[in-house]
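Trainee: coords please:
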Amino acid sequence: MYIAKSSDNSRQTLQEHTEKLLENFEILKKCIQLDKETEKAVYLACLFHDIGKASKEFQAKIRRQKPQPKQEIPHNLLSAVVFYFLKKHFKDNIELFEKIQYAVAYHHDRHINENVYKLKPMLEDFASRVENNLKDWILEKLEDFGITQLDINKEKLPIALSSALEFKNQGIKYKDLLKDKQTILIKGLLHKLDHAASADVEVEKGLIED
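Mentor: Below is the predicted model of the structure:
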């Protein structure tokens, strides 16, 4: 069981928290009009945004285990690492893939400047956790998109992390995404849904009638 949220009074597992986002997204879709492409993008951003919290380092931190890890890859970047391995399903729309990847990677603005290849052991441990404990659940949630495989190639994990880091390292690409309306909508709705799920409240109550 991976914990995603913890307070003095309650805990949410990673799966419980994600399910709350997806449930709230169903509510939100009844209140706003989204095209099918944007719907898909927001759904995938919600599904993947906190997968990185499965890392050994994050779990040690949230469980207040001692000793605390001296080094950690931010969970937002690890989440984008897993999403990277769906890239082959976006051959006809790489721009949409990048928008979702950006929303996932930077729903928190936490960055690293390490040599990604030095982080490979940490990445491999995280990937094994996803493969062994989360992959079946993720694939179940991807069924409606006809995605039946999530092949995490451990040799390509540093490349996947580099791909997420590129948004900050390549200034022009990053600035273009910041101005793109669909990207702003995907990331903005992810934040809204994430905050509602964290507070354990319904994202919208519908229209108020006179």
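
Trainee: worst-scoring helix or strand of this protein, pLDDT-wise?
Mentor: Lowest by mean pLDDT, DSSP states H and E among the helices and strands of the chain is helix 171-179, with a mean of 77.

Trainee: what residue is smack in the middle of the protein?
Mentor: residue 49 (1.6 Å; Cα atoms, centre = their mean).

Trainee: so it sits against residue 190, correct?
Mentor: Yes. With contacts counted by Cβ atoms under 8 Å, residue 49 reaches residue 190, the gap being 6.1 Å. Bear in mind the C-beta positions are built from the backbone N, C-alpha and C, glycine included.

Trainee: I'd like to know which elements the following helix or strand past the least confident helix or strand of the chain is packed against.
Mentor: Counting by DSSP states H and E, the element after helix 171-179 in chain order, helix or strand, is helix 181-199. If you count contacts as 3 or more Cβ pairs under 8 Å, 6 or more residues apart in numbering; DSSP states H and E, helix 181-199 packs onto helix 14-29, helix 36-48, helix 94-105.

Trainee: re the thing from before, what's near enough to touch the residue nearest to the centre of the chain?
Mentor: 18, 21, 76, 79, 103-104, 107, 190, 194 (Cβ atoms under 8 Å, 6 or more residues apart in numbering).

Trainee: repeat that for 7 Å
Mentor: By Cβ atoms under 7 Å, 6 or more residues apart in numbering, the residues touching residue 49 are 79, 104, 107, 190, 194.

Trainee: and the first one, how far from residue 111?
Mentor: Meaning residue 79. Distance, residue 79 to residue 111, using Cβ to Cβ, to the nearest Å: 14 Å.

Trainee: more crowded one of those two?
Mentor: residue 79 (27 against 15; other Cβ atoms under 10 Å).

Trainee: which residue is the nearest non-sequential neighbour of that one?
Mentor: residue 52 (3.9 Å; Cβ to Cβ, 6 or more residues apart in numbering).

Trainee: try residue 40
Mentor: Spatial nearest neighbour of residue 40, excluding adjacent residues (Cβ to Cβ, 6+ apart): residue 145 at 6.8 Å.

Trainee: does residue 130 count as helix, strand or coil?
Mentor: helix (DSSP: H, G, I helix; E, B strand; the rest coil).

Trainee: pretty sure it contacts residue 52?
Mentor: No. In this structure, residue 130 is not within contact of residue 52 by Cβ atoms under 7 Å, at 9.2 Å.
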